[in-house]
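Q: what would the 3D arrangement of this be:
(one chain, ligands or ions: 1)
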Amino acid sequence: MKSDLETVMHDGDIFRNADSDGRILIMTAVEAERQAVTRGTRDSKRFNVQLAGFGPASAAARTAAELAKGSYSLVISAGIAGGFKGRAEIGSTVIADRIAAADLGAETPDGFLSVDELGFGSSVILPDSKLVQTLSDAMASEGIPVTRGTILTVTTGTGSAETTAKLTARYGDAAAEGMEGFGVATAAKLWNLPVLEIRTISNVVGPRDRAAWRLGEAFAALEAAGDILRRVFTE
Ligand SMILES: O=C(O)c1cccc(C(=O)CC[C@H]2O[C@@H](n3cnc4c(=O)[nH]cnc43)[C@H](O)[C@@H]2O)c1
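A: Numbering: from 1, shown residues only. Below is the predicted model:
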């Protein structure tokens, strides 16, 4: 009888053969994240793990530059993140079912207007739903605490209860907050490639308390996420 993970990996075959050489580009903000993912993927040639830099602008530019150099079947934004209280605990993993540019828009005396409300496009990019399901099932089957939800991309990391409340009022299903996902996803969209965002939680979104960040737990979870990616896409 097949294990849960074997069943999931069978589904993964669909994507392994999706196109050309089927390589997967993974973008992380900083080197420590890149190393954690690479430990998990064990330097498999299927993956190219590159630095996106800090924030969505750098992430979009560097992802676009990487995509121009090679052929890929999937783009992944990966890294650590803040987790919204009650949605994603420290050390857990979040897989985005929506990637949202949460603070891109305009402030008005009556509140925030999103890109959508301004008529300049969409603040949301949707990851490939089948892949989201495949990976979240694979993680759950290995006992990894995993949540699916909206991952917000912000240009300023949230550091107050007031901003946290504003964000959760706009995105009721927000699970985590990072700073590169929407940039990576924008570049992937330009190439008509599917995108995923995978974040492991280092801290709680809210009043800034750098001393409370649990980088070790988040990097260990990021390595475990890399291991699942390798098993789903290469075994
Ligand atoms: O201080 C360190 O030693 C250190 C080591 C590795 C990474 C960092 C970062 O600060 C990574 C920044 C990166 O992480 C994402 N992130 C993490 N928590 C949050 C948050 O609460 N709100 C927004 N972004 C968050 C983000 O994508 C940053 O690019 C530090």
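Q: just the closest residue of this protein to the ligand, please.
A: Closest contact between the chain and the ligand, by Cβ to the nearest ligand atom, is at Gly82 (2.4 Å). C-betas here are computed from N, CA, C, even on glycine.
Q: ok, that residue - contacts?
A: Taking Cβ atoms under 8 Å, 6 or more residues apart in numbering, we find Gly82 in contact with 157-158, 176-178, 201-205.
Q: tell me which element it is part of?
A: Counting by DSSP states H and E, the element that carries Gly82 is strand 74-83.
Q: stretch 70-85: how far from the chain's middle?
A: Using Cα atoms, centre = their mean, to the nearest Å, the mean C-alpha position of stretch 70-85 is found 3 Å from that of the whole chain.
Q: list the buried ones in it?
A: Under the neighbour-count criterion of 16 or more other Cβ atoms under 10 Å, stretch 70-85 has 72-84 buried.
Q: same check, this time on stretch 24-34
A: In stretch 24-34, the ones that count as buried by 16+ other Cβ under 10 Å are 24-29, 33-34.
Q: quick one: Ala88 from Ala175, how far?
A: 5 Å (Cβ to Cβ, to the nearest Å).
Q: shared neighbours, the two?
A: With Cβ under 8 Å, 6+ apart applied, the overlap between the contact sets of Ala88 and Ala175 consists of 94, 147, 149.
Q: contacting residues for the spatially closest residue to the last one that is not a sequence neighbour?
A: Taking Cβ to Cβ, 6 or more residues apart in numbering as the measure, Gly149 lies nearest to Ala175, with 3.0 Å between them; neighbours along the chain are not counted. The neighbourhood of Ala175, defined by Cβ under 8 Å, 6+ apart, consists of 83-84, 87-88, 94, 147-151.
Q: any low-confidence regions in the chain?
A: In the predicted model of the chain, residues 1-21 satisfy pLDDT under 70.
Q: beta partners for the residue nearest the centre of it?
A: Centre of the chain computed as the mean C-alpha position; nearest residue by Cα atoms, centre = their mean is Glu197, 2.0 Å away. Applying DSSP bridges to Glu197 gives these bridge partners: Ser77.
Q: quick check: it touching Glu177?
A: No. Under the criterion of Cβ atoms under 8 Å, Glu197 lies out of contact with Glu177, with a separation of 11.2 Å.
Q: so what sits against both of those two?
A: Contact with both Glu197 and Glu177 is made by residues Ile151, according to Cβ under 8 Å, 6+ apart.
Q: correct me if wrong: Ile24 contacts Leu74.
A: Yes. Here Ile24 reaches Leu74: they are 4.7 Å apart, a contact under Cβ under 8 Å.
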